[in-house]
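*Asks:* 3D model of this:
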Amino acid sequence: MEDPSAAPRRPGPDPARRRRLRVLALALGIALVLLVALASLLVGAKSVGPHAAWDALAGRPGTADARFVRAMRLPRTGLGLAAGGALGLAGALMQALTRNPLADPGILGVNAGAAAAVVVAIGFAGLTTFTGYVWFALAGAAAVTGLVHLIGAAGAGGATPARLVLAGTAVAAALTALTSTVLLMRPDVFDAFRFWTVGSLAGRDAGTLWQVLPFLAAGVLLAGVSAGPLDVMAIGDEGAAALGARVRVTRLLVVVAVTLLCGAVTAAVGPVAFVGLAVPHLARAVAGPDHRWIFAHATVLGALLLLGADVLGRAVARPAELEVGIVTAFLGAPALIALTRRPRRRRS
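*Replies:* Residues are numbered from 1 along each chain as shown. Okay, here's the model as predicted:
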């Protein structure tokens, strides 16, 4: 017989309602991205009108402003969208893999490997253009990720998330020390390197975007393949293996995806902080535990955050501009403080 004094159970969330909210939030995010992309075409040291932007998008010869938008603003906007989406997705992948909400794509040593390779490109190969840096930075990121995975896979148990993080931290520290040594000994290398390491979308042309786009597409594809297994791995490796998930294969796919996404972005625009750390938290708050929805929202929110930061940096310092890496650091610092303080509130 049912106990009448028992408290009634709260009904669980309606799946159809949650799906509608996810779709609505994603559509709203895409609409905001389109608005920010339009602002990116119009705002800068040289302001242009909507007609010039429309002529540039339509491919018409148009005025000098339309040609300026097509040659400079359009590639910059496209690269900002691609880079922001990739960093948001890479952060969501990294946090899902390590099951650590404070994980960042840089903990695998990707940024340190790319930076060391750029220093080599400038100091020993004599490269001085961003299109030349891209291939060296990609190679450095890939080489370091391979080394980190080999170190993490040594011994019993294979490449667990904790081992990958420790190996990535150690390798990144060694490469950072090497990079700093070269920069101190070669002031000419430092003068060229500092424009890359601050993280910026300025000065990048369409060629840079087309160079990194295949790597970003491959990373997105691997992320899509990994979404389902990551849902199962959320219960733990042993439970996931018991349910038939290929834990080691999924872990390797995620590492490769993060390397492709974060490595390509770092190669193209330099290291950009906080996007991969803060965006996944917003995505999970909207999308819930389903990684397919988390990845979709993280991609849209990452593009919105990075391109919005770039537009803000152009608007507040006209006719000069603040680099996007500086703006994201200012925006991300309060988010990081909030994340570190949240467990304290729960314990109090």
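*Asks:* for the rest of this, base every contact and every neighbour count on C-alpha atoms.
*Replies:* Noted.
*Asks:* and Ala31, what pLDDT?
*Replies:* According to the per-residue confidence, Ala31 scores 97 in pLDDT.
*Asks:* can you check Arg9 too?
*Replies:* Arg9 carries a pLDDT value of 51.
*Asks:* secondary structure element for Ala245?
*Replies:* In the assignment (DSSP states H and E), Ala245 maps to no helix and no strand.
*Asks:* can you count the residues close to it?
*Replies:* Counted by other CA atoms under 10 Å, the residues lying close to Ala245 total 19.
*Asks:* not counting sequence-adjacent ones, nearest residue to it?
*Replies:* Residue nearest to Ala245 in three dimensions, not counting chain neighbours: Pro229, with 6.1 Å by CA to CA, 6 or more residues apart in numbering.
*Asks:* please list all residues in contact with Ala315.
*Replies:* With CA atoms under 8 Å, 6 or more residues apart in numbering as the criterion, the residues that contact Ala315 are Val43, Gly44, Glu321.
*Asks:* the residue nearest the centre of the chain - nearest residue in space that isn't next to it in sequence?
*Replies:* In the chain, the C-alpha nearest the mean C-alpha coordinate belongs to Leu87, at 0.7 Å (CA atoms, centre = their mean). The spatially closest residue to Leu87, leaving aside those adjacent along the chain, is Gly276, at 5.1 Å (CA to CA, 6+ apart).
*Asks:* picking up where we left off before, how about a markdown table for the contacts of Ala315, with secondary structure added?
*Replies:* Written out in a markdown table, the entries for those read as follows (DSSP: H, G, I helix; E, B strand; the rest coil):
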| residue | secondary structure |
| --- | --- |
| Val43 | coil |
| Gly44 | coil |
| Glu321 | coil |
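*Asks:* which one of those residues sits closest to Gly140?
*Replies:* Taking CA to CA as the measure, Gly140 lies nearest Glu321 of the contacts of Ala315, at 29.4 Å.
*Asks:* if I look at that closest one, how far off is Arg314?
*Replies:* In this view, Glu321 and Arg314 are 5 Å apart by CA to CA, to the nearest Å.
*Asks:* which parts of this protein are strands?
*Replies:* Listed in chain order, the strands of the chain (DSSP state E) amount to none at all.
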